[in-house]
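A.B. asks: here's my sequence, what's the structure:
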Amino acid sequence: MPDILTCTDGSIYAASVYDHAAWAALRMDAAVHVLHMLDPHRERAAMADFSGNLGPDERDALLEDLVQLEESKARVAQTRGRAILQAARDHLGAAGVALVTAEQRHGSLIEAVETLRADLIVIGKRGESADFAKLHLGANLERVIRGSRQPVLVTSRAYKPITRVLIAFDGSPSAKKAVDYAATGPLLRGLACTLLSVGKENAAIDAEREKARARLEKGGAAVTSHLLPGEPEKVIPEVLEKEEIPLLMMGAYGHSRIRQLIIGSTTTAMVRTCRTPVLLFR
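C.D. replies: I've put the predicted structure just below:
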């Protein structure tokens, strides 16, 4: 049975994460494994050390108080985590998912994702510590996407029924991987598909896009194919909004980190600005 790894921190995106995981589980006939992390680096209080100004007895008393405070915070975090996992179980069960497991781990999310088997990873665009006003992404999101060998579904703020999909196609290996996934897997079977390339006329990419179209049609999809001028960061969100397409698929981080530092990352821009969920492939 396929397994969907669902990452949650109980933030405002949690309900959307569960809804998207349930949608995927029902289409894939998959189990859902919910993961909540207790990151010691985030749980640890940032306190100044004033003990140098105190006498020995006062210093010992202060250190004992700090230890008790940290222990209390850890217990609260664990209790909160168990409540988050129970809420996830309830939400997924109510959505019709038959098999749900839940786990609380200490450590970093990246390390956990690397050790857990999954056919799909579902994670919210932003977590509890993100700056919503500045559209910052979740602190772990890019590292999860870069480190995962499996598709990563980055959810939007709220779930909407997914009846169509837009595949951003640039002829790259990761874009071809997205096409193969859509054409052969159960997740997107039967959905209408828009295959979109953005930029200047390019005979090589046009030929690859035509192959991709044939591949999708062979898999049973109704496909429309377009080439539009402009910059992907602007054109793709406009098409998604204008045509009310509820899911974007694309390859992730196809260029070097050096290039991204100089001109930015299309992947990051798409995830940050699009209001739809984004299914990413490496």
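A.B. asks: tell me the secondary structure at the nearest residue to residue 19 once chain neighbours are set aside.
C.D. replies: In this structure, residue 19 finds its nearest non-sequential neighbour in residue 159, 3.5 Å apart by C-beta to C-beta, 6 or more residues apart in numbering. Using the backbone N, CA and C atoms, a C-beta is placed for each residue, glycine as well. Recorded secondary structure, residue 159: coil (DSSP: H, G, I helix; E, B strand; the rest coil).
A.B. asks: tally of neighbours for residue 225?
C.D. replies: For residue 225, the count of nearby residues is 17 (other C-beta atoms under 10 Å).
A.B. asks: what secondary structure does it sit in?
C.D. replies: strand.
A.B. asks: which residues are in contact with it?
C.D. replies: Contacts here follow C-beta atoms under 8 Å, 6 or more residues apart in numbering; on that basis residue 225 touches 194-196, 209-210, 213.
A.B. asks: could those residues go into JSON lines alongside neighbour count, distance to residue 272 and secondary structure?
C.D. replies: Shown next, in JSON lines, are those (neighbours: other C-beta atoms under 10 Å; distance: C-beta to C-beta, whole Å; DSSP: H, G, I helix; E, B strand; the rest coil):
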{"residue": "194", "neighbour count": "20", "distance to residue 272": "21", "secondary structure": "strand"}
{"residue": "195", "neighbour count": "25", "distance to residue 272": "23", "secondary structure": "strand"}
{"residue": "196", "neighbour count": "25", "distance to residue 272": "19", "secondary structure": "strand"}
{"residue": "209", "neighbour count": "23", "distance to residue 272": "26", "secondary structure": "helix"}
{"residue": "210", "neighbour count": "12", "distance to residue 272": "31", "secondary structure": "helix"}
{"residue": "213", "neighbour count": "19", "distance to residue 272": "29", "secondary structure": "helix"}
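A.B. asks: let's have these in JSON lines, adding pLDDT.
C.D. replies: Listed next are those as JSON lines, based on pLDDT from 0 to 100:
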{"residue": "194", "pLDDT": "97"}
{"residue": "195", "pLDDT": "97"}
{"residue": "196", "pLDDT": "96"}
{"residue": "209", "pLDDT": "96"}
{"residue": "210", "pLDDT": "96"}
{"residue": "213", "pLDDT": "97"}
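A.B. asks: and the residue nearest to residue 19, how close does it get to residue 249?
C.D. replies: Distance of residue 159 to residue 249, computed by C-beta to C-beta, to the nearest Å: 17 Å.
A.B. asks: what is the end-to-end distance of stretch 253-271?
C.D. replies: 12 Å (C-alpha to C-alpha, to the nearest Å).
A.B. asks: for stretch 111-121, same thing?
C.D. replies: Start-to-end, stretch 111-121 (C-alpha to C-alpha) is 14 Å.
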